[in-house]
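> here is the input, now give the coordinates:
(one chain, ligands or ions: 1)
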Amino acid sequence: MLRGAAGIAAAGALVGTTNLPAAARTRESTDRHCPFLEGAFMPVTEELTAFDLPVTGRIPRELNGRLLRNGPNVLGLEDPRAHHWMLGDGMVHGVRLRDGRAEWYRNRWVRSSQVAKKLGEFYPGPVPPDDFACNTHVIPYRGRILALQESGPLPYELDGELNTVGTYDFRGTLEGAFTAHTKYDAEAGELHALAYYPTWDHVRHLVVDPSGRVARTTRIPVPDAPMMHDFALTAKHVVVFDIPITFDPAAAERGDPVPYVWNRQHPSRVGVMPRTGGAVRWFEVDPVFYSHTLNAYDEGSSVVVDVTTYPAPFYAAGRGTDGPSANGTGRLERWTVDLRHGRVRQRTLDDRPQEFPRVNEALVSRRHRYGYSAAAADMSVAYLTTADGNPPDRAFSNALIKHDLLRDSTQVHRLPKGAAAGEAVFVPRDPADRRAAEDDGYAVAYVHNPDRGAADLVILSALDFTGEPVARVHLPGRVPLGFHGSWIPDA
Ligand SMILES: [Fe+2]
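Predicted structure coming up:
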């Protein structure tokens, strides 16, 4: 069993990663190399505040709000060999845009009890169970800003300047674990989550209704306590990915900070459940590691889900010195679950290394045409470097990718060597314009600028994706490769 809060938080942080290093843990490494403390992953050591940031190009005046991004940024690391990327303390980076100006940049650790202690600050308490500085996502929710983590820790609420307000439990209605990957159905005003926890014999589909309360919880029995980092939502269905990375009590007993392993006895399957609850229909697929959903929708009697996957077996390694010795990177696939004939059709959409697939958020659970993803060489190399130490050439590209899933084509915004690209978030040019094209807006991402040794906030026109960025906001510091974020428009 896990040994208390720290271990369970660790379990949660793990999947937070999905950006996990796939790794065959077949050899004991003796060096002290930890790729997730180096290069584009290297944590920053300070919280910075800077105003009136320099800009190359022109920031669109309609972009009024904040681009926030969360990621692990370990604080006070004593032994690099014991470090695990997914267990780094959450740090949120943010740029505030207003009236064509980049008003400020801030980066702030999420103040969990442990982070507060390490920083010598008072934690207002009480300390919740499984407390952890949520490091995986940051989302807007009904005027609040929530930092999220799966598998145990409560969300932390932040204020508009990234200070931690405290834990958030949806007005006292959240019981137990939450998720890092919520789905907000804008039409229904519902926030959906799929929660898992190492000691549960089920996973929970949660629906937060427009009043902000967890209004419905459906328990879905699953054996072996699998990791479920993300899920999918359509207008009618919830889609659950039950993959063979499962909680390993023996590993937890040994003190493994991320006690999840590839479990050959556990099936790989996709479950489809009516959104209103009810029986789950399961469909077996070949063993695979599923990391993220781009989006999903209903099409006749089928459910279409675009996902990033990794080849099996995919191990949840990535700590210290026995980290990434991998056999694959993320790629984009379309899974079509044919409910009438009871089968799943899997098709590769793009086999180039990539992660963090995103869609125009207004279309979550509805049919989409476009998607956006990122290729960061440091991540690909970390995953693909094998025992001989030679990652393939294709691992070295840095790029943002726009997918046209109707025409089956891509546009690639190539970035220079050393310009590690983080997740690209789509921001509509005018959210109120219901007739605007799906890609009428901007793809915005934090990208490392190797010439300055610091990050730029890069703003691309999604309609001119391969063209020069509309603007590049030059930040005063680095934004280490991390996980997920959101555009949070002014109310
Ligand atoms: Fe994720």
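> now the helices: where do they sit in the stretch 201-350 of the chain?
All helices of the stretch 201-350 of the chain, identified by DSSP state H, counting those that start in this stretch, fall at 249-254.
> swap in the stretch 351-491 of the chain?
Going by DSSP H, counting those that start in this stretch, the stretch 351-491 of the chain shows helices at 377-384.
> so residue 456 is in contact with residue 472, correct?
Yes - assessed by Cβ atoms under 8 Å, residue 456 is found in contact with residue 472 at 4.5 Å. In short, each C-beta sits where N, CA and C put it, glycine included.
> of these two, who's got more company?
For residue 456 versus residue 472, the count of surrounding residues by other Cβ atoms under 10 Å is larger for residue 456: 25 against 20.
> roughly how far does the more buried one sit from residue 289?
Per Cβ to Cβ, to the nearest Å, residue 456 is found 31 Å from residue 289.
> hmm, back to that, so what sits against both of residue 456 and residue 472?
Shared contacts of residue 456 and residue 472, defined by Cβ atoms under 8 Å, 6 or more residues apart in numbering, comprise residue 449.
> longest strand anywhere in this protein?
The single longest strand within the chain, with elements called by DSSP state E, is strand 288-299.
> just the buried residues of that strand, please?
By 16 or more other Cβ atoms under 10 Å, the buried positions in strand 288-299 come out as 288, 289, 290, 291, 292, 293, 294, 295, 296, 297, 298.
> number of residues surrounding residue 117?
Neighbourhood size, residue 117 [other Cβ under 10 Å]: 14.
> my bad, should have said residue 344
Number of residues near residue 344 (other Cβ under 10 Å) recorded here: 18.
> and it, how far from residue 333?
11 Å.
> need the helix or strand of the protein with the lowest average pLDDT.
helix 5-15 (a mean of 34; mean pLDDT, DSSP states H and E).
> what packs against the helix or strand just after that one?
Downstream of helix 5-15, the first helix or strand assigned by DSSP states H and E is strand 49-51. Secondary-structure packing of strand 49-51 (3 or more Cβ pairs under 8 Å, 6 or more residues apart in numbering; DSSP states H and E): strand 101-109.
> what's the closest of the buried residues of strand 288-299 to residue 357?
For the buried residues of strand 288-299, the residue nearest residue 357 by Cβ to Cβ is residue 294; the value is 3.6 Å.
> surely that closest one touches residue 359?
Yes - between residue 294 and residue 359 there is a contact under Cβ under 8 Å: 5.6 Å.
> mutual contacts of the two, please.
Joint contacts of residue 294 and residue 359 (Cβ under 8 Å, 6+ apart) are 368, 371.
> count of neighbours near residue 265?
Per other Cβ under 10 Å, the neighbour tally for residue 265 reads 8.
> what sits against it?
224, 244.
> please apply the same query to residue 159.
145, 165 are the contacts of residue 159 under Cβ under 8 Å, 6+ apart.
> that one and residue 165, how far apart?
Distance from residue 159 to residue 165, by Cβ to Cβ: 6 Å.
> about what we covered before: the buried residues of strand 288-299: which two are farthest apart?
Farthest-apart pair in those is 289 and 298; separation 25.4 Å (Cβ to Cβ).
> show me where the stretch 301-450 of the chain dips below the pLDDT cut-off.
315-328, 383-396 (pLDDT under 70).
> hmm, try it at 50
318-326 (pLDDT under 50).
> neighbours around the closest residue to residue 264 other than its chain neighbours, how many?
Of all residues not flanking residue 264 in the chain, residue 244 sits nearest, at 6.7 Å (Cβ to Cβ, 6 or more residues apart in numbering). When neighbours are defined as other Cβ under 10 Å, residue 244 has 22 of them.
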